[in-house]
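# output the structure for:
(2 chains)
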Amino acid sequence: MKLNDYRDLIEYAELSPNRGKLKNPDVKASGENTLCGDSLVIYLNLKNGKIIAGKFEHSGCALSAASTAMLLDYARGKSYKKITELSGEQLVKLLGIKVSPARLPCALLPLAILKSSEK
Amino acid sequence: MNSQKIKKDFPIFQTNPKLVYLDNAATTQKPTTVISAIAEHYAYRNANIHRGIYKLSEEATACYEEARTKVARFISAPNARNIAFTRNATEAINLVAHGFLKPRLKASDEILLTTMEHHANIVPWHMIAKDKKAKLKFANITKDGQLDEADLKRKITGKTKLLAFAHASNVLGTINDVKKITELAHAKNIPVLIDGAQAVPHFPVDVSKIGCAFYAFSGHKLLAPTGIGALYISEKRLAETGPFLGGGDMVKSVSEKEVMFQDAPARFEAGTPAIEATIALGTAIDYLEKIGMKNIEKHERELSEFALSELRKIPGITIYGPGDTKKRTGLVSFNLARAHPHDLASLLDEENIAVRAGHHCAQPLHQALGVSATLRMSFYIYNTRDDIKKACAALKRINDKIK
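Model (predicted):
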């Protein structure tokens, strides 16, 4: 991860309007990346199976924060089922930076917890 | 001690000329002599040990047993029979858990550990405690990351069946007063296991002087290959320790009705071991003894002092462990206020600086420190002040840019 990429990620995550909580979420998914101790909660509101609002609470690294912020931006207006079916490669592509294998669990954390809550 | 010269003995620094390797507490790099010892074994004397009635097997057996003698001498064990070879420190601790403690453990008995333990010295005890409905207790650490000896003393009860603790912490760097703590336990007839994974590579260790029942360490943290470690068992506990894994080579005789086990240490070594790695462990010890463990200790202390003084210049840094370098081994764990350790490790990796980020397999300790992760730099014989300068300069640069 390059320093400039990192600064972009931090800025993206910190300024994200998706930070926070939803009062009456239809989906509340939470989980941890035990490898580095990141913890994440995602709240979603759905209408006819489509995601109409999404927020997140996060503590941990820049990669998992930015990845969550970005996934929620992308998810708005899309089918909840389709989002949970996204592949890891698709999420990394959204992030637009090179992610080393050791950091993949950080980048994929939001998707992992959405997938596990779906089950 | 000339680290620049020593570095030339390690091919990894020729194949990766820009590498600044500061993750030695995880594993060390290997010198040419150790790498060659593995190839030589296969090229000149490959045969199974302890059973072939032919010259090649006898030669392989002699080399394997010579390594045992070297390990015994290296840690001042009274005799080679006090050394059992294992895959690593983890397996050595599991051997004691299953071969020694489990058969003696009863419901509501206690196993005393400390908060600064590596998972290798927690999980095996958790597993047998659950089986036997026994309890684990943890002695606290003080604010500056030292073992709270008063708390440890308080937690020794009539039910304590074993005290197990680290000689040196893999996160705090703290060196525990092993002799004093062992005597404390012995006064109450409690056997002591010491996890020496972060001690044996870094300073002279004398298990006879310490007087503990068991002492475990890994070879790969002291220049040897992975897959080989050792367990020292005191003379007193040798007969009391039963086998852990069953199989060939550890039995005198087997019938359909019963099994007669070998004497120690053969009864602890079931199946064909990592013969070449064991012989290469002997070669690694030769290499370290040539440099001298006292010189290694001094070198690492100088590097730690330098690293601590450089790191303290970075605004917003929190450094864990004792401030006094005499009380710590060659590693420093820390956190920067504005960045997660995993992000920092990725950023340092861009500059070919290898450090470790995470909980370092010591989650209870990180819970006590109140953080989920730390960043760790750990040093060895080939590290120079220049390596530390590069790492600290990179950290400063990163810290300045993420304000």
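# can you pull out the helices in the stretch 1-150 of chain B?
B:3-7, B:12-15, B:32-44, B:55-74, B:89-95, B:123-132, B:149-155 (DSSP state H, counting those that start in this stretch).
# and the longest one, what does it pack against?
Applying 3 or more Cβ pairs under 8 Å, 6 or more residues apart in numbering or on different chains; DSSP states H and E, one finds that helix B:55-74 contacts strand B:83-86, helix B:275-291. For every residue, glycine as well, the C-beta is placed using N, CA and C.
# with adjacent residues omitted, what lies nearest to B:G229?
In space, and not counting its chain neighbours, B:G229 is closest to B:N88: 3.9 Å by Cβ to Cβ, 6 or more residues apart in numbering or on different chains.
# how far away is that neighbour from chain A?
Between B:N88 and chain A the distance is 21 Å, computed by Cβ to the nearest Cβ, to the nearest Å.
# how close does B:A168 sit to chain A?
As for B:A168, its distance to chain A is 23 Å (criterion: Cβ to the nearest Cβ).
# just B:L222 next, same as before
B:L222 is 25 Å from chain A, by Cβ to the nearest Cβ.
# and that residue, backbone torsions?
Main-chain torsions, B:L222, degrees, to the nearest 10: phi -130, psi 50.
# wait, it touches B:P201, no?
Yes - between B:L222 and B:P201 there is a contact under Cβ atoms under 8 Å: 3.8 Å.
# find residues that contact each of the two.
B:28, B:288 (Cβ atoms under 8 Å, 6 or more residues apart in numbering or on different chains).
# who has more neighbours, these two?
Neighbour count, other Cβ atoms under 10 Å in any protein chain shown: between B:L222 and B:P201, B:P201 has more, with 29 against 25.
# ok, now which ones touch the more buried one?
For B:P201, the contact set (Cβ under 8 Å, 6+ apart) comprises B:24, B:28, B:217, B:221-223, B:288, B:380.
# count of residues packed around the residue of chain A found nearest chain B?
Using Cβ to the nearest Cβ, the closest approach of chain A to chain B is made by A:G37 at 2.5 Å. Using other Cβ under 10 Å, A:G37 has 21 neighbouring residues.
# ramachandran angles for the residue lying closest to it once chain neighbours are set aside?
In this structure, A:G37 finds its nearest non-sequential neighbour in B:S372, 2.5 Å apart by Cβ to Cβ, 6+ apart. Per-residue torsions, B:S372: phi -90, psi -20 (degrees, to the nearest 10).
# quick check, B:G229 in contact with B:I83.
No - B:G229 lies out of contact with B:I83 (Cβ under 8 Å); the separation is 10.6 Å.
# neighbour-wise, which of these two wins?
Neighbour totals were compared for B:G229 and B:I83, and B:G229 leads with 29 against 26 (other Cβ under 10 Å).
# run through the bridge partners of that one.
Beta bridges link B:G229 to B:T86, B:S218, judged by DSSP bridges.
# what separation do you get for it and B:G242?
19 Å (Cβ to Cβ, to the nearest Å).
# do B:G316 as well
When distance is defined by Cβ to Cβ, B:G316 is 53 Å away from B:G242.
# who has more neighbours out of these two?
B:G242 (15 against 11).
# which residues touch the more buried one?
Counted by Cβ under 8 Å, 6+ apart, B:G242 has contacts B:99-100, B:103, B:261, B:267.
# list buried residues within the residues you listed.
B:99-100, B:261, B:267 (16 or more other Cβ atoms under 10 Å in any protein chain shown).
# quick one: which two of those are the most distant?
Distance extremes for the buried ones among the contacts of B:G242: the farthest pair is B:F100 and B:F261 at 14.2 Å, using Cβ to Cβ.
# what about whichever residue of chain B sits closest to chain A, how many neighbours?
Using Cβ to the nearest Cβ, the closest approach of chain B to chain A is made by B:S372 at 2.5 Å. By the criterion of other Cβ under 10 Å, B:S372 has 23 neighbours.
# now B:E240
Neighbourhood size, B:E240 [other Cβ under 10 Å]: 14.
# quick one: residues contacting it.
Counted by Cβ under 8 Å, 6+ apart, B:E240 has contacts B:F100.
# give me the element it is part of.
Following DSSP states H and E, there is no helix or strand that holds B:E240.
# pull the CA atoms of the helix or strand A:F56 falls within into PDB?
Using DSSP H and E, A:F56 sits in strand A:50-59. The C-alpha coordinates for strand A:50-59 follow below in PDB (Å, rounded to 0.1, in the frame of the first residue of the first chain):
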ATOM      1  CA  LYS A  50     -33.300  -3.000  -2.500                       C
ATOM      2  CA  ILE A  51     -30.800  -1.200  -0.200                       C
ATOM      3  CA  ILE A  52     -32.100   2.300   0.400                       C
ATOM      4  CA  ALA A  53     -29.800   3.400   3.200                       C
ATOM      5  CA  GLY A  54     -26.600   2.100   4.800                       C
ATOM      6  CA  LYS A  55     -24.400   3.200   7.700                       C
ATOM      7  CA  PHE A  56     -21.400   1.700   9.500                       C
ATOM      8  CA  GLU A  57     -19.600   1.900  12.800                       C
ATOM      9  CA  HIS A  58     -16.000   0.900  12.700                       C
ATOM     10  CA  SER A  59     -12.800   0.700  14.700                       C
END
